[in-house]
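Peer 1: Sequence plus predicted model, see below.
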Amino acid sequence: MMHHLSIKQLAQGLANAEFSASELTQHYLARINKYDAQLNTLVSNNDKQAAKAAADVDGSNAERGPLSGIPLIHKDIFCTNGIKTSCGSRMLDNFVPPYDATAVAKLNAAGVVTLGKSNMDEFAMGSSNETSFYGPVKNPWDLSKVPGGSSGGSAAAVAAGLAPAATGTDTGGSIRQPAALCGITGLKPTYGRVSRYGMIAFASSLDQAGCFARSAEDCAPLLQAMAGFDARDSTCVDEPVPDYASALTGDISGIRVGLPSEYFADGLEDGTRAAVDAAIKVLEQRGAQIKEITLPNTNLAVPTYYVLAPAEASSNLARFDGVRYGYRCEDAENLEDLYLRSRGEGFGREVQRRIMVGAYVLSAGYYDAYYLKAQKTRRLIAQDFSAAFADVDIIAGPTTQAPAFNLGDKVNDPVAMYLNDIYTIPANLAGLPGISVPAGFVDGLPVGLQLLAPWFKEGELLNAAHAYQQATDWHTQIPPAFNE
Amino acid sequence: MSLTPDQVRKVAMLARLKLEEPRVDEYARELSGILDMVAALDAANTDDIAPMAHPLDLSARLRADEVTEGDERAAFQNIAPAVEDGVYLVPKVIE
């Protein structure tokens, strides 16, 4: 039952020759074969190259690191040399990149074995994984529920034990929200901590790569491998990368944990509130000092985001023109027709909505009223966090207002869908690191506890999550239908 | 703030998106709903607040003007929809 083991235990098993990297990879590939038809977590299967990569690890005499031979799934937003990278879109259904994203290259260098590429909301635009060209992903705890999004395939795959780890990206909550709804741990680092090179751009001032695993302890080596300066990403920050494993002392005595009153206001479902309250009690029992705080501009976060993110998306997605790569319409009458129909046919409805919102708020006469205004409200939100972190070390609250909702429930109501990210968007606007950890269940569906830390304090953030996970076992649970 | 179907057609043209005509009314309703939600920003007092372009307030980094990438032309043209003799093909633009 290798899929019950943590990454740390798997690395020990490999080091002690209890099993080989090839056996480990075959175990997970067999699980994908057995279960993924129910879940739809993968867009591309990489089984042949995975087998070879695992054999290479087995045959190598090089010193092994914590990720050598560990199987992993990449969100299909990361360019992978020679493996189709669709970004969940018809536009890139035929796109095979000739290069690796920096995050992919760094994980490869750390020895991971790539099992495949995961399903996702189209161009990472969505909170339910229902906007994918390849159809929705199902939540392994209840196949009638969404897994969250946009990194829904990665989250559902780790939750169902189809891989011990996966990558994701988080622009407004796309790692933390699906981690919460699928009952696993999801880490969004500080903006600029991980290179965006080769990660297909949605909203460049918000996008950040991160990871999924069962526990914070397992996220530490993943972040260690992914983080660091990259001259190929002009927004990547040149800050030293600390040793995250040594930050995991489990000691949180005396740390100050702030609870923002706005994250516990009306709209928070009762069962979720009870689970998060109980999680905060655990932090308190472990020695944390709990304080009430306020983030008074929280109500501006979703509206601010839905100006800035679509504006950046409309600009970023202008590159898809049917000329150099990606989808091209048939029988274009002229160049304009080629652009119009390649984009009209290649992009799905949610992507088109956001491109149009973005084009509108940037258009002549509206720029100041929308885009400039939202850049100013963004600063108000960031200032709330600066003020809060003068008094506390960690901010804690729910990741989402409620557990997973039904497939189909919100797909035709964009604004209702957007409000899913009410607790996760503020950290993207401020550029802060955040993590969602499993904190119990409501009617059999997982609930997430969200922790936020000051800029570049991923070590402290992981340690707070680790301290919580030392005292609880929510993160070790596997959905009953995928246990065997 | 509500968008008329004509405004939706105009913004779709700006974004070079061909919309199916029966969908235009639906888009007008959905985009209006999003702009209504965004209108909450009007009430925020942003006097003397500087716009924030980068979450860490860092400015764009400069680099030396040196060639760092090799010639990848063949690899890139290999994935293009239509190429001939090393150039990308598009419909005729000059009569």
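Peer 2: Ah, there it is.
Peer 1: what comes up buried for stretch A:382-390?
Peer 2: Of the residues in stretch A:382-390, A:382-385, A:388-389 count as buried by neighbour count, 16 or more other Cβ atoms under 10 Å in any protein chain shown. (Each C-beta comes from the backbone N, C-alpha and C, glycine too.)
Peer 1: any idea how far residue A:483 is from residue A:73?
Peer 2: Applying Cβ to Cβ, to the nearest Å, the value for residue A:483 to residue A:73 is 19 Å.
Peer 1: let me redo that: residue B:21
Peer 2: Distance from residue B:21 to residue A:73, by Cβ to Cβ: 40 Å.
Peer 1: Then residue B:33?
Peer 2: Distance, residue B:33 to residue A:73, by Cβ to Cβ: 35 Å.
Peer 1: What pLDDT is listed against the residue nearest the centre of chain B?
Peer 2: Residue closest to the mean C-alpha point of chain B, counted by Cα atoms, centre = their mean, is residue B:15 at 6.6 Å. Looking at residue B:15, its pLDDT reads 97.
Peer 1: Can you give me the distance of it to chain A?
Peer 2: 4 Å (Cβ to the nearest Cβ, to the nearest Å).
Peer 1: Now that residue. Nearest residue, chain neighbours left out?
Peer 2: Distances taken as Cβ to Cβ, 6 or more residues apart in numbering or on different chains put residue A:359 closest to residue B:15, at 4.2 Å, once the chain neighbours are dropped.
Peer 1: follow-up on the earlier one: which one of residue A:483 and residue A:73 has more residues nearby?
Peer 2: Shown here are residue A:483 and residue A:73; by other Cβ atoms under 10 Å in any protein chain shown, residue A:73 has more neighbours (30 against 12).
Peer 1: From what I see, that one and residue A:114 are in contact.
Peer 2: Yes - with contact defined as Cβ atoms under 8 Å, residue A:73 reaches residue A:114; the gap is 7.4 Å.
Peer 1: Can you get me a residue count around residue 19?
Peer 2: All of this is about chain A. As a burial measure, residue A:19 scores 16 neighbours (other Cβ under 10 Å).
Peer 1: Hmm, no, I was thinking of chain B.
Peer 2: Applying the criterion other Cβ under 10 Å, we find 20 residues in the vicinity of residue B:19.
Peer 1: Which of the helices or strands spans it?
Peer 2: In the assignment (DSSP states H and E), residue B:19 maps to no helix and no strand.
Peer 1: Quick check, it in contact with residue B:8.
Peer 2: Yes - checked against Cβ under 8 Å, the pair residue B:19 and residue B:8 is within contact range at 7.4 Å.
Peer 1: shared neighbours of those two, anything?
Peer 2: residue B:27 (Cβ atoms under 8 Å, 6 or more residues apart in numbering or on different chains).
Peer 1: Distance check, residue B:47 against residue A:82.
Peer 2: Between residue B:47 and residue A:82 the distance is 54 Å, computed by Cβ to Cβ.
Peer 1: These two: which has the busier surroundings?
Peer 2: Taking neighbours as other Cβ under 10 Å, residue B:47 and residue A:82 compare with residue A:82 leading, 12 against 5.
Peer 1: per-residue pLDDT, that one?
Peer 2: 96.
Peer 1: same deal with residue B:1?
Peer 2: Value for residue B:1, per-residue pLDDT: 69.
Peer 1: anything in the lengthiest helix in chain B near chain A?
Peer 2: Counting by DSSP state H, the longest helix found in chain B is helix B:24-38. Yes - on the criterion Cβ under 8 Å from any Cβ of the partner chain, helix B:24-38 is in touch with chain A at B:27, B:30-31, B:33-38.
Peer 1: Identify the residues contacting that helix?
Peer 2: With Cβ under 8 Å, 6+ apart as the criterion, helix B:24-38 contacts A:302-303, A:306-307, A:352-353, A:356-357, A:360-361, A:370, A:374, A:414-415, A:418, B:1-5, B:7-9, B:11-12, B:19.
Peer 1: quick one, phi psi at residue 88?
Peer 2: By default, I'm working from chain A. The phi and psi values for residue A:88, taken as degrees, to the nearest 10, are phi 70, psi 20.
Peer 1: meant chain B, my bad for not saying
Peer 2: phi -80, psi 130.
Peer 1: Also the one 5 residues further on?
Peer 2: Listed backbone geometry of residue B:93 is phi -110, psi -10, with angles given as degrees, to the nearest 10.
Peer 1: For chain A, see how far away it is.
Peer 2: 5 Å.
Peer 1: Just give the closest residue to that residue, not the sequence neighbours.
Peer 2: Excluding its sequence neighbours, the residue lying closest to residue B:93 (Cβ to Cβ, 6+ apart) is residue A:335, at 5.3 Å.
Peer 1: In contact with the closest residue to chain A within chain B, which residues are there?
Peer 2: Closest contact between chain B and chain A, by Cβ to the nearest Cβ, is at residue B:55 (2.7 Å). Contacts here follow Cβ under 8 Å, 6+ apart; on that basis residue B:55 touches A:191-192, A:205-206, A:382, A:428-431.
Peer 1: could you pick out which of those residues are near chain B?
Peer 2: Near chain B, by the rule Cβ under 8 Å from any Cβ, you find A:191-192, A:205-206, A:382, A:428-431 out of these.
Peer 1: quick one, helices of chain B?
Peer 2: Going by DSSP H, chain B shows helices at B:5-14, B:24-38, B:73-78.
Peer 1: a markdown table please, covering those and showing distance to residue A:68 and mean neighbour count.
Peer 2: Shown next, in a markdown table, are these (distance: least, Cβ to Cβ, whole Å; neighbours: other Cβ atoms under 10 Å in any protein chain shown):
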| stretch | distance to residue A:68 | mean neighbour count |
| --- | --- | --- |
| helix B:5-14 | 50 | 17 |
| helix B:24-38 | 47 | 18 |
| helix B:73-78 | 29 | 12 |
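Peer 1: could I get those helices as a markdown table with distance to residue A:466?
Peer 2: Output for these, formatted as a markdown table (distance: least, Cβ to Cβ, whole Å):
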| stretch | distance to residue A:466 |
| --- | --- |
| helix B:5-14 | 48 |
| helix B:24-38 | 37 |
| helix B:73-78 | 43 |
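Peer 1: where among the ones you listed is the average confidence lowest?
Peer 2: If these are sorted by mean pLDDT, helix B:73-78 sits at the bottom with a mean of 93.
Peer 1: How about it and chain A, touching?
Peer 2: Yes - interface with chain A: helix B:73-78 contributes B:75-76, B:78 (Cβ under 8 Å from any Cβ).
Peer 1: hmm, who's touching that helix?
Peer 2: In contact with helix B:73-78 (Cβ under 8 Å, 6+ apart) are residues A:98, A:324-325, B:83, B:86, B:88.
Peer 1: So which of the residues you listed wins on neighbours?
Peer 2: Neighbour count (other Cβ under 10 Å) singles out residue A:325 as the most crowded of those, with 23 neighbours.
Peer 1: centroid residue for chain A?
Peer 2: residue A:175 (2.1 Å).
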